[in-house]
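> Okay, here's the prediction I keep looking at, along with the sequence it came from:
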Amino acid sequence: MILFCYFQIKPIEQIAFSFPEKDALSEIDAEFNLVEADSKSEPFLVQEIAKMIAESEQVICFFDVVESEGLGTLSKAIEALRKSKADQLFFVKGANSKLEKVLKMLKQPTLKYESVDQLSVEITNFINS
């Protein structure tokens, strides 16, 4: 299973209830299980995502972040990523020093998000490797 996680680490008033890059995923020739959560999500939702991470063969995470926000409930999903044996690829849109510190410990490929085209190319290469 290929799991695509869209995680927002933002203050509640900045959280968007849509993922603009979602259309790019539908153009890639693969079936994704898409999950969305934010740093304020209910713990039950994040726990379910953690289970999906544990069951996945490949996990792609798109972190949409601002500097001033803590990881909140997403820390449980990030812990699941640490324990996972799945191939992983991370994109980060924005900057958040707390997240950057945690991602360095995971020692997985982390790319700065630049464009939808870059996202499509990198994901295609990742799932075909």
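Happy to help now that I have it. Numbers count the residues shown, from 1 in each chain.

> quick one: low-confidence parts of the protein?
The chain contains residues with pLDDT under 70 at 29-30.

> could you pull out the helices for it?
Remark: helices assigned in the chain by DSSP state H are 22-27, 43-55, 74-83, 97-106, 116-128.

> Point out the most buried one among those helices.
helix 74-83 (a mean of 18; mean count of other CB atoms under 10 Å). (Glycine included, C-beta is placed from N, CA and C.)

> Other residues contacting that helix?
Contact partners of helix 74-83, identified using CB atoms under 8 Å, 6 or more residues apart in numbering, comprise 5, 7, 9, 37-39, 41, 43, 46-47, 49-51, 53-54, 59, 61, 71, 88, 102, 105-106, 108.

> for stretch 58-70, same thing?
Here stretch 58-70 has contacts from 1-11, 14, 16, 19, 21, 32, 39, 53, 81, 84, 86-99, 113, 119, 123, 126-127, using CB under 8 Å, 6+ apart.
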